[in-house]
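[1] structure for this input, please:
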Amino acid sequence: MYFACKNLTVRYDRVTALRDVSLELAEGEIVALIGANGAGKSTTLRAITGLKQPAAGEIWFEGSRIDRLPPAEIVRRGIAMVPEGRRIYPYMTVKDNLLMGAYLRQDRAGIKRDLEKIFVRFPRVKERLNQQAGTLSGGEQEMVVVGRALMARPKLLLLDEPSLGLAPMVVREIAKLVTDINREDKVSVILVEQNSRMALRISHRAYVLETGSIGLAGPSAELADDDHVRRLYLGG
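    Next comes the predicted model:
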């Protein structure tokens, strides 16, 4: 398997945030994690990226176990995350924000080429290159942080609530962006979303997290038709 979490348990002090969570991702897939606030979706991504050490379980990527590696090494191996709430560097320019994504790279010519690709994909980002990132709109900031993650040349991209707080029109742009990155750049994606309808529409498979455990899993189209999922996460 290209990527897998096996029996993952994560605790914050005495509180168990994840309990025996197992999930898989095939190369080239978009897999969605949906569920209510506090279900453990963001904690799962933090464990994958090494920002939170699991209490038990294993995480594997491309045949190697990675749950004991520091975050920088996990990025070096090809996993990058777009965090919840965008987390830009507000007083740095847009260009410097993008270059922060390439901080582990030494190939200056490759970095320049990848910047040009970002500009083609996000013309608005290029227009604001020397502007302080904190002055951008929410949708523009999301483009910057996605671009920043792509500057790491990831094989696996983790997206934590990319549509949070954005207008419906911008949410549609984000959905198209995710599918374009997956198809055109051949990047596998784990998508955490409270907008379950959008997540199930663009993903291949999905897992439903319920209070720290996997409640349901399967092809996204099937879950979208599941009565339990429709009642709790799709508004009926």
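[2] report the secondary structure state of the residue nearest to the spatial centre of the chain.
    Residue closest to the mean C-alpha point of the chain, counted by Cα atoms, centre = their mean, is residue 159 at 1.6 Å. Secondary structure, DSSP: H, G, I helix; E, B strand; the rest coil: residue 159 is strand.
[3] what bridges to it?
    Counting by DSSP bridges, residue 159 is bridged to residue 82, residue 191.
[4] ok, residue 218 next?
    Beta-bridge partners, per DSSP bridges, of residue 218: residue 206.
[5] renumber starting at 12 from here on
    I'll keep to 12 as the first residue from here, and by that count the last item is residue 229.
[6] pretty sure it sits against residue 214.
    No - using Cβ atoms under 8 Å, residue 229 is not in contact with residue 214, being 11.2 Å away. Just so you know, the C-beta spots here come from the backbone N, C-alpha and C atoms, and that holds for glycine as well.
[7] when the two are compared, which one has more neighbours?
    residue 214 (27 against 13; other Cβ atoms under 10 Å).
[8] who touches that one in this structure?
    Residue 214 makes contact with 40-43, 200, 202, 231 under the criterion Cβ atoms under 8 Å, 6 or more residues apart in numbering.
[9] check what pLDDT residue 34 gets.
    In this model, residue 34 is scored at 97, pLDDT.
[10] mind checking the SS state of it?
    Taken by three-state DSSP, the conformation at residue 34 corresponds to strand.
[11] surely residue 101 is within a helix?
    No - Residue 101: not assigned to a helix; according to three-state DSSP it is coil.
[12] which residue, other than its chain neighbours, is closest to it?
    Distances taken as Cβ to Cβ, 6 or more residues apart in numbering place residue 145 nearest to residue 101, at 2.7 Å, with adjacent residues excluded.
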